[in-house]
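Q: Need coordinates for the following:
(one chain, ligands or ions: 1)
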Amino acid sequence: MRSVKIERAAWIITLDSRRRIIKDGSIYIEDGKIIAVEKADRLRCEGADVVIEGLNKVVTPGFINNHMHISYAHPVRGIFPDELPLMTYLNYVFKLQSAMKPYEEYYATLLAATELLKSGCTCFADPGSIGNLEAGVKAILDVGIRAMVGRDVVDKPNPLHLPVKDTGEAAKIIEDALRAYADLSNGRVRAWVTVFSPDYASDELLIKAKELADRYHTVLTLHTSFSEEGVKSFEENRGRRPIEHLAHLGVLSGNVLLSHALVVSEYEIDLLAKSGAKVVHCPSAAVRGSGATRFGKFPEMLSKGVPVSLGSDSANSSYYLDMVRLMYLAMVLYKDARLSKAVIPPEAALEMGTINGAFGLGLNDEIGSIEVGKRADLVIFDTKRAEWRSIFYPVNNLIYSADGRSVDTVIVDGRILVKSGAPQYVNEQALCEKVQEIGEDILKRTDISFRYNWQVE
Ligand SMILES: [Zn+2]
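A: Down below sits the predicted model:
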């Protein structure tokens, strides 16, 4: 039995049901599980295999990124000029994605997961875009991060040129992934049901996908209501707005996670609340011209009890993956939009990045907070840095002042994956060079290049 003790942490922000913040606290971990979390003087467990000194440290639950296309963007990060129209951009994305070889996806996933971990993200959910799941899952297992994976399907013609399957075949692809990746490495990697979007799925496929999510006790995720234009054309084609339509089909329920959900009506928010469906907001992707504050009704969803979590989207949609910056952005956007500093307080932003994420994945009994019996997914911040001082209420320092660069240690399932800010399982510099090479090769063989505003000589 392997034990880890975090001894005398300056602050532990637990996110437990009472939202305790423990000053001068210790945490005891055994076999990947939290056995005790208490005021240091009251904690009875002695003699761990590994002891981590908590002086000047803030401990939080691991952050959860509920919408992260993990395997394609890193080799070609930053290639797209901002002027590209959305559909043109997405067409390039899918072209590049489909050109990738399994070993390239392996290294891209390794680097992306490393970036996530280094800023405190211990669990991410890929919406089904890993082309070669075997290679992607191998990278995830090699890193040790927690993840949800699936295989994306559509059964209707679409402007993104996503391969169109017939409905039965699409359902079989989903089920094969569910069977193969149901539960790997003690539940650290699991499968979920990923249909790209209701826009490109028949009613029959949507219903089948929900049935599969129920049968395999997992979650169905869909890209939903990202743009005003998309919602309008959905309504013209199907007679209802997307979320209304999902409710009408009986698909909307507690094990459904809708990504984006940017353009929604009041009635649709009521449907979300009534059904128990969850939402993942991708603020850094939405804010790049999609109307995050013009359309987004996330404060209203939260106030009606919809657990809104956070996602970065891919590294080319968001550019950055730092969950602390995402929490900050999700918080300040709507304060400004509603002309009120009271909207989405820092505590709510931290819930979005932790416990709400766990609810979104149906993993709230296992992760999302520091509580006895939960898996030990933890982040330890070093506060011996200018941006952290002075500290009286660490939630404000964390969400407003800090970012992921002050992450010192990251623990997943009781294993220390990042120590003193450095990944323990890979040579980061060599990995960066490898992925750069891969990117250069992909661009060469797909013959994709762009003209930028400023010439590169
Ligand atoms: Zn997406």
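Q: show me what contacts the nearest residue to D41 once chain neighbours are set aside?
A: Spatial nearest neighbour of D41, chain neighbours left out: D24 (7.8 Å); criterion: CB to CB, 6 or more residues apart in numbering. All C-beta atoms are positioned from the backbone trio N, CA, C, and that covers glycine. For D24, the contacting residues are 8-10, 39-41, by CB atoms under 8 Å, 6 or more residues apart in numbering.
Q: Would you map the helices across the stretch 251-400 of the chain?
A: Along the stretch 251-400 of the chain, counting by DSSP state H, counting those that start in this stretch, helices occupy 266-275, 283-286, 292-295, 298-303, 323-337, 346-353, 355-360, 394-396.
Q: so of the ones you listed, which one's packed in deepest?
A: helix 355-360 (a mean of 27; mean count of other CB atoms under 10 Å).
Q: Packing partners of it?
A: With contacts taken as 3 or more CB pairs under 8 Å, 6 or more residues apart in numbering; DSSP states H and E, helix 355-360 sits against strand 63-65, strand 278-281, strand 308-310.
Q: could you redo the last one with a cut-off of 6 Å?
A: For helix 355-360, the packing partners by 3 or more CB pairs under 6 Å, 6 or more residues apart in numbering; DSSP states H and E come out as strand 308-310.
Q: ok, back up a step: biggest separation within the contacts of D24, which pair?
A: Largest separation among the contacts of D24 by CB to CB: A10 and D41, giving 14.4 Å.
Q: Compare those two and say which is more crowded by neighbours.
A: Taking neighbours as other CB atoms under 10 Å, A10 and D41 compare with A10 leading, 18 against 9.
Q: Kindly reformat the helices of the stretch 251-400 of the chain as CSV containing distance to G131 and mean pLDDT.
A: Listed next are the helices of the stretch 251-400 of the chain as CSV, based on distance: least, CB to CB, whole Å; pLDDT from 0 to 100:
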stretch, distance to G131, mean pLDDT
helix 266-275, 31, 98
helix 283-286, 21, 95
helix 292-295, 29, 96
helix 298-303, 31, 98
helix 323-337, 25, 98
helix 346-353, 28, 98
helix 355-360, 24, 98
helix 394-396, 40, 98
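Q: can you list these in a markdown table and add distance to E244?
A: As requested, these are arranged in a markdown table below (distance: least, CB to CB, whole Å):
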| stretch | distance to E244 |
| --- | --- |
| helix 266-275 | 6 |
| helix 283-286 | 21 |
| helix 292-295 | 16 |
| helix 298-303 | 15 |
| helix 323-337 | 24 |
| helix 346-353 | 25 |
| helix 355-360 | 21 |
| helix 394-396 | 37 |
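Q: nearest to E175, of those?
A: When these are compared by CB to CB, helix 355-360 sits nearest E175, at 22.1 Å.
Q: Reformat the contacts of D24 as TSV; add secondary structure.
A: TSV is the format used below for the contacts of D24 (DSSP: H, G, I helix; E, B strand; the rest coil):
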residue	secondary structure
R8	strand
A9	strand
A10	strand
K39	strand
A40	helix
D41	helix
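Q: of the residues you listed, closest to T446?
A: Of the contacts of D24, the one sitting nearest to T446 (CB to CB) turns out to be A9, at 48.3 Å.
Q: beta partners of the closest one?
A: G25 (DSSP bridges).
Q: So it sits against G54, correct?
A: Yes - counting by CB atoms under 6 Å, A9 touches G54, with 3.2 Å between them.
Q: who's more crowded, these two?
A: Between A9 and G54, counting by other CB under 10 Å, A9 is the more crowded of the two (26 against 23).
Q: how close does the more buried one sit to V418?
A: Distance from A9 to V418, counting by CB to CB, to the nearest Å: 16 Å.
Q: what does G168 give?
A: Noted for G168: a distance of 44 Å to V418, by CB to CB.
Q: Which one of the two is surrounded by more residues?
A: V418 (23 against 12).
Q: what sits against the more buried one?
A: Residues near V418 by CB atoms under 6 Å, 6 or more residues apart in numbering: 117-118, 410.
Q: would you say it is within a helix?
A: No - with three-state DSSP as the criterion, V418 is assigned strand and is not in a helix.
Q: Give the closest residue to R389 in space, chain neighbours not counted.
A: The nearest residue in space to R389 (CB to CB, 6+ apart) is T383, at 7.0 Å.
Q: With T122 instead?
A: Spatially, and ignoring its direct neighbours in sequence, T122 is nearest to G62 (2.7 Å; CB to CB, 6+ apart).
Q: Contact partners for that neighbour?
A: For G62, the contact set (CB under 6 Å, 6+ apart) comprises 122, 377-379.
Q: Tell me, how many residues neighbour D31?
A: Count around D31 with other CB under 10 Å applied: 12.
Q: how far away is the nearest residue to Y320 once chain neighbours are set aside from D183?
A: In space, Y320 comes closest to S284 once its chain neighbours are excluded; the distance is 6.3 Å by CB to CB, 6+ apart. Computed as CB to CB, the S284 to D183 distance reads 31 Å.
Q: do the same with W192
A: With distances taken as CB to CB, W192 is found 12 Å from D183.
Q: Settle it for me: which of those two has more neighbours?
A: A count of neighbours by other CB under 10 Å puts W192 above the other of W192 and D183, at 26 against 12.
Q: OK, contacts around L326?
A: L326 sits next to L310 when contact means CB under 6 Å, 6+ apart.
Q: Quick check, pLDDT for the residue nearest to R389.
A: At T383 the predicted local confidence, pLDDT, stands at 98.
Q: Near it, how many residues? Count them for me, please.
A: As a burial measure, T383 scores 21 neighbours (other CB under 10 Å).
Q: go on, the one 5 residues further on?
A: Using other CB under 10 Å as the criterion, W388 is surrounded by 18 other residues.
Q: So it sits against N396, correct?
A: No - counting by CB under 6 Å, W388 sits too far from N396 to count as a contact (10.8 Å).
Q: Can you tell me what sits against the element among helices and strands of the chain having the smallest mean pLDDT?
A: Least confident helix or strand, the chain: strand 183-184 with a mean of 86, by mean pLDDT, DSSP states H and E. Applying CB under 6 Å, 6+ apart, the external contacts of strand 183-184 come out as R190.
Q: likewise stretch 239-253?
A: Under CB under 6 Å, 6+ apart, the answer for stretch 239-253 is 198, 203, 206-207, 210, 224-225, 231, 234-235, 238, 268, 271, 275, 277.
Q: Just the endpoints, please. Distance across that stretch?
A: 21 Å (CA to CA, to the nearest Å).
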